[in-house]
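Student: here is a sequence together with a model predicted from it:
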Amino acid sequence: MLERRLSRIQEALQRASLDALALNPGPTMTYASGLSFHLMERPVVLVVPAKGRPALILPEFERTKGEACPLKPTLFTYAEDPAARSATFEAAAHQLGLPGRRVGVEPLRMRVFELRLLEAAAPGTQFLSAEETITALRVTKDEAEIERMRRAVRAAEAALEATIPLLKPGMTEREAAAELTVQLLRAGSESELPFPPIVASGPNSALPHAVPTDRRLQAGDLLVIDWGATVEGYISDLTRILALEPVDPELARVHAVVLEANRAGREAVGPGVACGAVDRAARQVIEAAGYGEFFTHRTGHGIGMEAHEPPYIRGDSDETLAVGMTFTVEPGIYLPGRGGVRIEDNVVVTPAGCECLSSMPRELRGVA
């Protein structure tokens, strides 16, 4: 699989007139090599030339990890002395013939730290954004990637099912999020979650990206639970709404509207459909119900190795969906100071329309 990906990356670099691609630790490095490193004070850079074998610059103590890479990159290691790094970067740049060339980088990932080392090691080199090239490679998933995402969804759903019986009035949002985190690990998620779980109650549920606080769950609250799992580097990202009765009748109506908007968004998905059309299908339901001004974000975003990646499901996007694209459908309504509702599912585009990877009930669910 990695050899096939290497061939695709190199073909894409040639089409983009790039001589190489330099990658920091992150999803694309893992996608290209199978290697996972932390971003730290010791630089690690994978350089994929448009032709030939990749090179990996890394600390000497990480050599064993580099040697285990199936791609068998040429290793350039340096000792603990920071002064040794520059010579190692220069040796790698010289062997790859980088000076004076065109090298792609990820603008959202490449740090100034590594960029300055590369610039010094390869005088005259142009470092250019390879964002479009990388997106084109990663935006559609193969069956092996989709199966990992299915497993990530199953782990997330099992974790919330195990958490719900533990939720009680008087528990804080922070305590509820901690219980959910434990259950995610027990359900098979990797420890590096896609994002810290969101548990937002009462008026806090009207904040789309709330952070769990010490607010205690109480009667009449809606709970927004936004959570996900990671399985073999691929993620899930779901949202469901729980309630501590008695539920405000308007908030119950809001939930029903968002539920219908979620359904409309999912039903609009298919190959050749514009991302904007999916957004509009969900948004029209909310606008028709009189809540348009309270739907304040796009309808969805791509998922895969990252919690937010292309494609972006927003109203002004004419990008067309293709088989294998995976993303969220997550319309919401947020009434400031009162409460909010978001219902989020994960879908993959299929030749016939879409497959919804998530199956957990979307109806408003009570907490004992």
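Tutor: Good, I have the coordinates.

Student: all strands of the stretch 1-150 of the chain, in order?
Tutor: Listed in chain order, the strands of the stretch 1-150 of the chain (DSSP state E, counting those that start in this stretch) span 20-23, 45-49, 55-59, 74-78, 102-105, 126-129.

Student: name the stretch among those strands that sits most buried.
Tutor: strand 20-23 (a mean of 27; mean count of other CB atoms under 10 Å). No exception for glycine: its C-beta is placed from N, CA and C like everyone else's.

Student: ok, and what's touching that one?
Tutor: 9, 13, 29, 32, 45-50, 96, 98, 101, 103-106, 109-110, 114, 118, 127, 130, 133-134 (CB atoms under 8 Å, 6 or more residues apart in numbering).

Student: can you list the strands of the stretch 1-150 of the chain in JSON lines and add distance to Pro197?
Tutor: Output for the strands of the stretch 1-150 of the chain, formatted as JSON lines (distance: least, CB to CB, whole Å):
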{"stretch": "strand 20-23", "distance to Pro197": "29"}
{"stretch": "strand 45-49", "distance to Pro197": "31"}
{"stretch": "strand 55-59", "distance to Pro197": "33"}
{"stretch": "strand 74-78", "distance to Pro197": "38"}
{"stretch": "strand 102-105", "distance to Pro197": "32"}
{"stretch": "strand 126-129", "distance to Pro197": "33"}
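
Student: how about those strands, which one is nearest Glu3?
Tutor: Evaluated over the strands of the stretch 1-150 of the chain, closeness to Glu3 peaks at strand 45-49, with 12.5 Å, by CB to CB.

Student: that closest one: how far from the chain's middle?
Tutor: Computed by CA atoms, centre = their mean, to the nearest Å, the chain-centroid distance of strand 45-49 equals 23 Å.

Student: please renumber so the chain begins at 26
Tutor: New numbering, starting at 26: the last item is strand 70-74.

Student: counting by contacts, list what that strand packs against.
Tutor: Using 3 or more CB pairs under 8 Å, 6 or more residues apart in numbering; DSSP states H and E, the elements in contact with strand 70-74 are helix 27-40, strand 45-48, helix 52-58, strand 80-84, helix 108-121, helix 137-146.

Student: kindly reformat those as CSV containing mean pLDDT.
Tutor: As requested, those are exported to CSV (pLDDT from 0 to 100):
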stretch, mean pLDDT
helix 27-40, 96
strand 45-48, 98
helix 52-58, 96
strand 80-84, 97
helix 108-121, 95
helix 137-146, 97
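
Student: residue contacts, Leu382?
Tutor: Here Leu382 is in contact with 171, 174-175, 178, 261, 351, 370-373 (CB under 8 Å, 6+ apart).

Student: can you name the residues in contact with stretch 157-164?
Tutor: 30, 33-34, 37-38, 40-41, 43, 46, 52-53, 56, 129, 131, 327, 329-330, 334-336, 347, 350.

Student: filter those down to the buried ones and hand me the ChimeraX line.
Tutor: In ChimeraX, this line selects whichever of these come out buried by 16 or more other CB atoms under 10 Å:
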select :30,34,37,38,41,43,46,52,53,56,129,131,327,329,330,334,335,336,350
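
Student: tell me how far Met174 lies from Glu292.
Tutor: Here the criterion is CB to CB, to the nearest Å. By it, Met174 lies 20 Å from Glu292.

Student: got it, and Arg33?
Tutor: If you measure Arg33 against Glu292 using CB to CB, the figure is 32 Å.

Student: and what of Ala180?
Tutor: Per CB to CB, Ala180 is found 26 Å from Glu292.

Student: and His63, by the same measure?
Tutor: 41 Å.

Student: with Met135 instead?
Tutor: When Met135 is compared with Glu292 (using CB to CB), they lie 39 Å apart.

Student: compare those two (neighbour count), which wins?
Tutor: Met135 (20 against 14; other CB atoms under 10 Å).

Student: now do the more buried one against Val70, distance only.
Tutor: From Met135 across to Val70, the span is 9 Å (CB to CB).

Student: what residues do these two have in common as contacts?
Tutor: Residues within reach of Met135 and of Val70 at once, by CB under 8 Å, 6+ apart, are 47, 49.

Student: any idea where the helices of this structure begin and end?
Tutor: For the chain, applying DSSP state H gives helices covering 27-40, 52-58, 88-92, 108-121, 137-146, 156-163, 168-188, 198-211, 274-293, 300-313.

Student: just checking, what packs against the first one?
Tutor: Looking back up the chat, that one is helix 27-40. On a contact count with 3+ CB pairs under 8 Å, 6+ apart, helix 27-40 meets strand 45-48, helix 52-58, strand 70-74, helix 156-163.

Student: how about a markdown table for the ones you listed, with distance to Ala313 added?
Tutor: Below are those laid out as a markdown table (distance: least, CB to CB, whole Å):
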| stretch | distance to Ala313 |
| --- | --- |
| strand 45-48 | 46 |
| helix 52-58 | 38 |
| strand 70-74 | 49 |
| helix 156-163 | 34 |
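
Student: out of the ones you listed, flag the one nearest Glu186.
Tutor: Counting by CB to CB, Glu186 lies closest to helix 52-58 out of these; the figure is 28.3 Å.

Student: what is the closest one packed up against?
Tutor: Applying 3+ CB pairs under 8 Å, 6+ apart, we find helix 52-58 packed against helix 27-40, strand 70-74, helix 156-163.

Student: for Cys381, which of the ones you listed is the nearest?
Tutor: For Cys381, the closest of the helices and strands packed on helix 52-58 is helix 156-163, at 21.5 Å, according to CB to CB.

Student: let me know the average pLDDT across that closest one.
Tutor: In this model, helix 156-163 has an average pLDDT of 96.
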